[in-house]
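Asker: predicted model, plus sequence, below.
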Amino acid sequence: MNAPVPHARDGPLSQPSLQTTVCKQMFVNREYRRRGRSVEAVDTELDKLISRRASQDRRQDPDEREEGYIESVRVYHARKRKEIAALWFAHFCRMAANHARIAQDYERRAEALCKEG
(Lines give C-alpha, C1' and ligand atoms only; values in the text may rest on other atoms or scores of the structure.)
Protein backbone atom coordinates (compact mmCIF):
# COMPACT_ATOMS: atom_id res chain seq x y z
CA MET A 1 0.00 0.00 0.00
CA ASN A 2 1.40 3.38 -0.99
CA ALA A 3 1.74 6.05 1.68
CA PRO A 4 -0.24 9.23 1.07
CA VAL A 5 1.70 12.11 -0.42
CA PRO A 6 2.30 14.79 2.25
CA HIS A 7 0.56 18.07 1.59
CA ALA A 8 1.39 21.61 2.74
CA ARG A 9 -1.70 21.73 4.96
CA ASP A 10 -0.61 18.61 6.89
CA GLY A 11 1.61 20.48 9.34
CA PRO A 12 5.36 19.84 9.81
CA LEU A 13 5.89 19.10 6.13
CA SER A 14 4.61 22.52 5.16
CA GLN A 15 8.05 23.72 4.09
CA PRO A 16 8.31 23.42 0.29
CA SER A 17 11.84 22.02 0.26
CA LEU A 18 11.02 19.27 2.75
CA GLN A 19 7.79 18.42 0.95
CA THR A 20 9.60 18.28 -2.39
CA THR A 21 12.33 16.06 -0.94
CA VAL A 22 9.80 13.65 0.56
CA CYS A 23 7.82 13.51 -2.70
CA LYS A 24 10.95 12.88 -4.76
CA GLN A 25 12.07 10.13 -2.38
CA MET A 26 8.66 8.47 -2.58
CA PHE A 27 8.74 8.67 -6.38
CA VAL A 28 12.23 7.15 -6.51
CA ASN A 29 11.23 4.34 -4.15
CA ARG A 30 8.10 3.62 -6.19
CA GLU A 31 10.08 3.59 -9.46
CA TYR A 32 12.72 1.21 -8.10
CA ARG A 33 10.06 -1.12 -6.71
CA ARG A 34 8.32 -1.04 -10.10
CA ARG A 35 11.56 -2.00 -11.81
CA GLY A 36 12.16 -4.80 -9.34
CA ARG A 37 15.01 -3.18 -7.44
CA SER A 38 14.92 -2.76 -3.69
CA VAL A 39 15.82 0.40 -1.84
CA GLU A 40 18.67 -1.48 -0.15
CA ALA A 41 20.19 -2.35 -3.53
CA VAL A 42 19.99 1.28 -4.55
CA ASP A 43 21.62 2.36 -1.27
CA THR A 44 24.50 -0.08 -1.84
CA GLU A 45 24.90 1.17 -5.38
CA LEU A 46 24.98 4.78 -4.16
CA ASP A 47 27.53 3.94 -1.46
CA LYS A 48 29.79 2.36 -4.09
CA LEU A 49 29.42 5.40 -6.33
CA ILE A 50 30.18 7.81 -3.47
CA SER A 51 33.26 5.90 -2.31
CA ARG A 52 34.56 5.61 -5.88
CA ARG A 53 34.00 9.34 -6.44
CA ALA A 54 35.66 10.23 -3.13
CA SER A 55 38.78 8.26 -3.99
CA GLN A 56 39.02 10.01 -7.38
CA ASP A 57 38.40 13.49 -6.00
CA ARG A 58 41.29 13.67 -3.54
CA ARG A 59 42.39 17.27 -3.24
CA GLN A 60 45.98 18.16 -2.59
CA ASP A 61 46.91 18.94 0.99
CA PRO A 62 47.96 22.62 1.41
CA ASP A 63 51.27 21.48 2.93
CA GLU A 64 52.06 19.40 -0.18
CA ARG A 65 51.77 22.30 -2.63
CA GLU A 66 54.79 23.44 -4.59
CA GLU A 67 56.68 26.50 -3.42
CA GLY A 68 56.20 28.28 -6.78
CA TYR A 69 52.44 27.80 -6.58
CA ILE A 70 52.29 29.21 -3.06
CA GLU A 71 54.33 32.24 -4.14
CA SER A 72 52.15 32.85 -7.21
CA VAL A 73 49.03 32.78 -5.04
CA ARG A 74 50.61 35.25 -2.62
CA VAL A 75 51.54 37.60 -5.49
CA TYR A 76 48.06 37.32 -7.00
CA HIS A 77 46.36 38.22 -3.72
CA ALA A 78 48.75 41.12 -3.11
CA ARG A 79 48.00 42.50 -6.60
CA LYS A 80 44.23 42.13 -6.06
CA ARG A 81 44.49 43.95 -2.71
CA LYS A 82 46.30 46.84 -4.42
CA GLU A 83 43.71 47.01 -7.20
CA ILE A 84 40.84 47.04 -4.71
CA ALA A 85 42.55 49.71 -2.60
CA ALA A 86 43.00 51.87 -5.72
CA LEU A 87 39.33 51.46 -6.60
CA TRP A 88 38.27 52.49 -3.08
CA PHE A 89 40.62 55.48 -3.21
CA ALA A 90 39.08 56.61 -6.52
CA HIS A 91 35.59 56.15 -5.12
CA PHE A 92 36.29 58.29 -2.05
CA CYS A 93 38.01 60.94 -4.16
CA ARG A 94 34.85 61.20 -6.31
CA MET A 95 32.73 61.42 -3.17
CA ALA A 96 34.94 64.16 -1.73
CA ALA A 97 34.69 66.14 -4.97
CA ASN A 98 30.90 65.76 -4.99
CA HIS A 99 30.66 66.90 -1.38
CA ALA A 100 32.91 69.89 -2.09
CA ARG A 101 30.71 70.87 -5.04
CA ILE A 102 27.57 70.56 -2.90
CA ALA A 103 29.18 72.59 -0.10
CA GLN A 104 30.04 75.38 -2.56
CA ASP A 105 26.45 75.37 -3.82
CA TYR A 106 25.14 75.66 -0.25
CA GLU A 107 27.55 78.52 0.48
CA ARG A 108 26.36 80.35 -2.64
CA ARG A 109 22.72 79.88 -1.60
CA ALA A 110 23.45 81.05 1.93
CA GLU A 111 25.18 84.20 0.66
CA ALA A 112 22.23 84.90 -1.65
CA LEU A 113 19.82 84.55 1.27
CA CYS A 114 21.95 86.84 3.45
CA LYS A 115 22.03 89.54 0.76
CA GLU A 116 18.24 89.36 0.36
CA GLY A 117 17.51 89.61 4.06
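Answerer: Structure's in. What do you need?
Asker: for Lys48, report the pLDDT, please.
Answerer: With respect to pLDDT, Lys48 scores 82.
Asker: the helix or strand harbouring His77 packs against which elements?
Answerer: Taking DSSP states H and E as the definition, one finds His77 inside helix 67-116. Here helix 67-116 touches no other helix or strand, going by 3 or more C-beta pairs under 8 Å, 6 or more residues apart in numbering; DSSP states H and E. Quick note: C-beta positions are derived from backbone N, CA and C, even for glycine.
Asker: looking at that helix now, give me its mean pLDDT.
Answerer: The average pLDDT for helix 67-116 rounds to 95.
Asker: before we move on, what about stretch 54-63?
Answerer: Model confidence over stretch 54-63, given as mean pLDDT, is 67.
Asker: what about Glu66, how many neighbours?
Answerer: A count of nearby residues for Glu66, using other C-beta atoms under 10 Å, gives 9.
Asker: backbone phi and psi for it, please?
Answerer: Backbone geometry at Glu66, expressed as degrees, to the nearest 10, gives phi -70, psi 150.
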